[in-house]
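Novice: mind looking at a prediction? Sequence and model below.
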Amino acid sequence: MTTYAIIGGTGLTQLPSLMIREAVNMETPYGMTSADIIKGEFAGSEVLFLARHGHPHRIPPHQVNYRANLWALKQLGAQAVLAINAVGGIHRDMPTGHLVVPNQIIDYTWGREHTFYEGELDHVTHVDFTQPYDETLRERLVDALRECGYSHSEHGVYGCTQGPRLETVAEIARMERDGCDIVGMTGMPETVLARELSLPYVTLALVVNAAAGKSEGAITMAMIDRALEQGMDKVKTVMGEFLSA
Ligand code: HPA
């Protein structure tokens, strides 16, 4: 049976229906993980749960220790990763509350520790990242979404910005011209670090606001919190369906 790592994003710092066996506080060669890694059982599967932003939520996207997180999950036996991400919707068919299984990603971040392949190396390595997400896991996640009947998109381009500020109207217009459908701050380098560790990785993204300029007025945290509260139950149901399939 596959051991899944679940990386919970904003709005998912704990899993109430997780049967907890152990909480592991782990120091890695890259430093500490965002929070204790919870080993347990969820929907009949062995899982390792990690709150990306810490528990309670306190680490901003640009300060998450992505390398420590991925390295520790692999070390503890993760064989695949299901990442949960809250995002802004750029594409008009991806409104608040919509779920997206992205198939591509564009990295707009800078200055993050984004690779394990540096320092004293025997040889230089360039991992293939043509298809950033694992297609088999994507298909399984799409099946779970169809089963649950929630409004969702089976493809999409995730644009990852540096944050922690939200984007300007012009930045979102540029991202749209680039082909981005959703915008978030945590997809990279997490996705590529999983690839460097040969961990199949898939993202379930919940749209929690219309991206800058895609609705009237400013984006407020109250708006995002409301959408998270309404959307996370759907995310948990899909996760259950995905893991028990
Ligand atoms: N932009 C970037 N990241 C986000 C957004 C957004 O509008 N909403 C949630 N995460």
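Specialist: All right, it came through fine. Residues are numbered from 1 along each chain as shown.
Novice: for the rest of this, base every contact and every neighbour count on C-alpha atoms.
Specialist: Will do.
Novice: residue ranges for the helices of the protein, please.
Specialist: With DSSP state H as the criterion, the chain has helices at 66-75, 135-148, 169-178, 190-196, 221-244.
Novice: residue 93 is nearest to which of those?
Specialist: Ranking the helices of the chain by their distance to residue 93 (criterion: CA to CA) puts helix 169-178 first, at 13.1 Å.
Novice: so the helix or strand bottoming out on mean pLDDT in the chain versus helix 66-75, what angle?
Specialist: Ranking every helix and strand in the chain by mean pLDDT, DSSP states H and E puts strand 19-24 at the bottom, with a mean of 90. Interaxial angle, strand 19-24 versus helix 66-75 (axes from the mean of the first three to the mean of the last three CA atoms, to 10 degrees): 120 degrees.
Novice: each with direction, which strands does strand 19-24 pair with?
Specialist: Applying DSSP bridges, strand 19-24 is found paired with strand 37-42 (antiparallel).
Novice: the partner strand vs helix 221-244, what angle?
Specialist: Here strand 37-42 runs at 60 degrees with respect to helix 221-244, directions being taken by the same axes, to 10 degrees.
Novice: pLDDT averaged over strand 37-42 - what is it?
Specialist: The predicted model assigns strand 37-42 a mean pLDDT of 93.
Novice: quick one: contacts of that strand?
Specialist: With CA atoms under 8 Å, 6 or more residues apart in numbering as the test, strand 37-42 has contacts from 17-26, 46-51, 73, 240, 243.
Novice: out of those, which end up buried?
Specialist: Buried residues within the contacts of strand 37-42, defined by neighbour count using 16 or more other CA atoms under 10 Å: 18-20, 26, 46-51, 73, 240, 243.
Novice: just name the lowest-scoring one in those residues, pLDDT-wise.
Specialist: residue 18 (82).
Novice: roughly how far apart are that residue and residue 228?
Specialist: 19 Å (CA to CA, to the nearest Å).
Novice: please apply the same query to residue 237.
Specialist: Taken as CA to CA, the span from residue 237 to residue 228 is 14 Å.
Novice: quick check: residues of this protein near the ligand?
Specialist: By the rule CA under 6 Å from any ligand atom, the part of the chain lying against the ligand is 86-88, 166, 183-185, 208-209, 211.
Novice: ok, residue 237 and residue 228, which is more surrounded?
Specialist: Using other CA atoms under 10 Å as the criterion, residue 237 and residue 228 rank with residue 228 on top: 23 against 14.
Novice: do you know the pLDDT at that one?
Specialist: Turning to residue 228, the model gives it a pLDDT of 95.
Novice: give the contact list for it.
Specialist: When contacts are counted by CA under 8 Å, 6+ apart, residue 228 touches 10-11, 86, 208.
Novice: nearest to the ligand, of those residues?
Specialist: residue 86 (5.0 Å; CA to the nearest ligand atom).
Novice: what's opposite the closest residue to that closest one other than its chain neighbours in the beta bridge?
Specialist: Counting by CA to CA, 6 or more residues apart in numbering, residue 86 lies nearest to residue 206, which is 4.9 Å off, once chain neighbours are set aside. Counting by DSSP bridges, residue 206 is bridged to residue 86, residue 99.
Novice: hmm, residue 206 is touching residue 98, no?
Specialist: Yes. With contact defined as CA atoms under 8 Å, residue 206 reaches residue 98; the gap is 6.1 Å.
Novice: among the buried ones among the contacts of strand 37-42, which two are most distant?
Specialist: Maximum pairwise distance among these (CA to CA): 26.5 Å, between 26 and 240.
Novice: and residue 206 and residue 98? Which one has more around it.
Specialist: Set residue 206 next to residue 98 and count neighbours by other CA under 10 Å: residue 206 wins out with 28 against 20.
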